[in-house]
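[1] Any chance you can model this:
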Amino acid sequence: MNREPNSQQTDLTAELAQAARALSEIELIRSHPADTQALLPDLRTAIDSLKQVSAQLSWWYNRSIRGNDYAADVGADTAVEDAAAQLLAASRFLSAARDAVGAAEEATGEVRWKRRRSTPTSHTDQ
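    All right, here's what the predicted structure looks like:
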């Protein structure tokens, strides 16, 4: 079954948001650093993909300025220009975030992590 591109984009964006929320809710503090280091390459790739999407959206908004793709209401041109600029800024910030995660990955690549001993905890999770 072929879905409309906009429907696919909306579905993928919703799935991405859900996956990112789930990742952010994982209690990494209970993990050992050696176990979480494997997250860095995929995190860097995900950030790079988000950078690409925000750059593409910025390009699209820039292309659509002057009412070619929307009703030219009062302030619409300014709103579209602002959206394009904000998306470009987001792309640049994501580029910096991707580079920072890559640097963290590289910096910790040579670390020989010590394993923690498992110790029973006296509290229960709620």
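[2] lowest-confidence helix or strand of the protein?
    None of the helices or strands of the chain scores lower by mean pLDDT, DSSP states H and E than helix 33-36, at a mean of 76.
[3] so what secondary structure elements neighbour that one?
    For helix 33-36, not one helix or strand is in contact under the criterion 3 or more C-beta pairs under 8 Å, 6 or more residues apart in numbering; DSSP states H and E. Bear in mind the C-beta positions are built from the backbone N, C-alpha and C, glycine included.
[4] What strand or helix carries the residue most central in space within the chain?
    In the chain, the C-alpha nearest the mean C-alpha coordinate belongs to I47, at 4.4 Å (C-alpha atoms, centre = their mean). Assigned by DSSP states H and E, I47 belongs to helix 39-64.
[5] For the lengthiest helix in the chain, buried residues please.
    Criterion DSSP state H: the longest helix present in the chain is helix 76-108. Judged by neighbour count (16 or more other C-beta atoms under 10 Å), helix 76-108 contains these buried residues: 80, 83-84, 87-88, 90-91, 94-95, 97-98, 101-102, 105.
[6] Hmm, which of those is lowest in pLDDT?
    Lowest in pLDDT among those is V80, which has 86.
[7] Now do the contacts for it.
    61, 64-65, 70 (C-beta atoms under 8 Å, 6 or more residues apart in numbering).
[8] if we go to 6 Å?
    Counting by C-beta atoms under 6 Å, 6 or more residues apart in numbering, V80 touches 61, 65.
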